[in-house]
Each structure stands twice: as C-alpha cells, then as structure tokens.
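> I'll drop the sequence and a predicted model, then ask my questions.
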Amino acid sequence: MRVILLEDVKKQGKKDDIINVKDGYGMYLINNGKAVMETKGSSKVLKHQTETRALEENLLIKGCETIKEKLENTVLKFKVKAGKQGQVFGKISSKQIATELSKKGFDIDKKKIVIDVPINNLGITNVKINLHKKVVATLKVELHE
C-alpha cells in the first residue's frame, strides 16, 4: 500500500513523503490521521501544496533579505559606564538589543539574536541575527561612554 504522510513518522519518513507500507500498518496510519492513501487526486493535492509552500518560503526569504540589508546598515549605540581600559560594568544582553531594535522599527525576537562573545568592551561588536534558517544578518553594536 502506498500512503502520503501527513506528519513525520519515526523510522518511516517525513511529512509529504510517499512510502510503501504493509496494508495493516497503512490502515493504522490512515486511521490515526498520520497518512492518506495515495491516489491521483491526493497526489495532485500534494503537488499543489508543496508548490504553494515553496512560493511562500521564497516570499518569506525575500522579506528577510530586505530586513537583513536594513539591519546591516544600522548601528545600535548604547551609552554605558566603563572603568579603566574600556571594561564595561555589566554587559549588553539580547533583550536590550531587541528592545533597541523595536524602538527603531524592527520586530525581532530576542531568541533570534546570537551573541557569540559577551558585549562588555567599549567599541563596536558584531552580533548575528537569525532571521530565517537561510538568512543571517550581522548587526553592529557600539558601546560608548
């Protein structure tokens, strides 16, 4: 029996895969809403859905690319207190960066901001922002007294 998976099934396949299974297991998958039987109609629906998802994904990536360009031309400036040798008291967090970005009109979740090295020195530090799994922007964060 050939079925189209509606969700990921462990050791069988991922969503939208067409797989061959024994009749009893196929009926189990169908009855539990994890698969549908493959027919000409269901194959057409699957093809249409995958094309639609691909178009939506491309639009999302293009939107993220425009945001990436704007972010890479932006420099966030933070006024901080520092001791001798430019060492800052405390450090800048992803929450503070997200708050400043929202003030500038960007709606970015703090979980998407990746800080590789602690931001605790005066000067400019580069911070990665994961806008999409295929689009990563680099933001400049400047600390000054």
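Nice, I can see it.
> For my notes, confirm Val136 occurs in a helix.
No - judged by DSSP: H, G, I helix; E, B strand; the rest coil, Val136 forms no part of a helix; its state is strand.
> Neighbours of it, how many?
If you count neighbours by other C-beta atoms under 10 Å, Val136 ends up with 14. Glycine gets a C-beta too; all of them are placed from N, C-alpha and C.
> for it, which residues make a bridge with it?
Asn130 (DSSP bridges).
> now the one 4 residues further on
Per DSSP bridges, residues listed as beta-bridge partners of Lys140: Val75, Asn126.
> Quick check: it touching Lys77?
No - with contacts counted by C-beta atoms under 8 Å, Lys140 stays clear of Lys77, the gap being 9.4 Å.
> If you count surrounding residues, which of the two has more?
Neighbour count, other C-beta under 10 Å: between Lys140 and Lys77, Lys140 has more, with 15 against 11.
> quick one: the longest helix along the chain to chain centroid distance?
Criterion DSSP state H: the longest helix present in the chain is helix 40-72. Here the centre of helix 40-72 is set off from its chain's centre by 14 Å, with C-alpha atoms, centre = their mean, to the nearest Å.
> can you pull the contacts of the nearest residue to Glu65 once chain neighbours are set aside?
With C-beta to C-beta, 6 or more residues apart in numbering as the criterion, Glu65 has its nearest non-adjacent residue at 6.0 Å, and that residue is Val135. Val135 makes contact with 61, 64-65, 68, according to C-beta atoms under 8 Å, 6 or more residues apart in numbering.
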